[in-house]
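Chemist: Sequence plus the predicted model coming up.
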Amino acid sequence: MIRLRPHHIMCFQGYEGKGYSKDFIENMDKIYEQLEEKSKVKIVFSTDDVCRKCPNKKLENICETNDKVVSIDSKVIKYLMLEERVYTYKDLIVRLKTNINEEIMQDICGRCAWYTNSKCKNNILNL
């Protein structure tokens, strides 16, 4: 089962094989390849499978930009009405499609360095 923190659901929509380091990209590729409609995804409110190889992870459950990441996760939790539990990947995509518009996207992702450098905005708004 894939473990994802809330905002990583959105990140995968624009993922293009780029990232912080070679190890990070290889890990993202593995997770990305597993994401299919029926895939089981456990939403976790802390570090997840993506964070495992992130160079910004300082401790087991702490990111260098923890305040920013927690803030982004909180917004995704609110807008997608998520709980810390198992979903199908399809259910998560339906929640994105149903609940995210351009204004909400800006609220969630406006401070993200990848926001203007990836296809996530366009891909999410056109689900």
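Modeler: Yep, that arrived. Quick caveat, the model's predicted, so the values are computed rather than measured.
Chemist: Does Pro55 touch Tyr20 like I think?
Modeler: Yes. Contact criterion Cβ atoms under 8 Å: Pro55 and Tyr20 qualify, at 5.1 Å. Yep, even glycine has a C-beta here, placed from its N, CA and C like the rest.
Chemist: any idea how far the nearest residue to Ile104 once chain neighbours are set aside is from Ala113?
Modeler: Among residues not flanking Ile104 along the chain, Tyr79 sits closest, at 5.5 Å (Cβ to Cβ, 6 or more residues apart in numbering). As for Tyr79, its distance to Ala113 is 21 Å (criterion: Cβ to Cβ, to the nearest Å).
Chemist: Could you check which of those two has the larger neighbour count?
Modeler: Shown here are Tyr79 and Ala113; by other Cβ atoms under 10 Å, Tyr79 has more neighbours (19 against 9).
Chemist: so that one is in which element?
Modeler: Using DSSP states H and E, Tyr79 maps to helix 66-80.
Chemist: buried set for that helix?
Modeler: Buried residues in helix 66-80, counting neighbours by 16 or more other Cβ atoms under 10 Å, are found at 66, 69-70, 72-73, 75-77, 79-80.
Chemist: Alright, that wraps it up for me.
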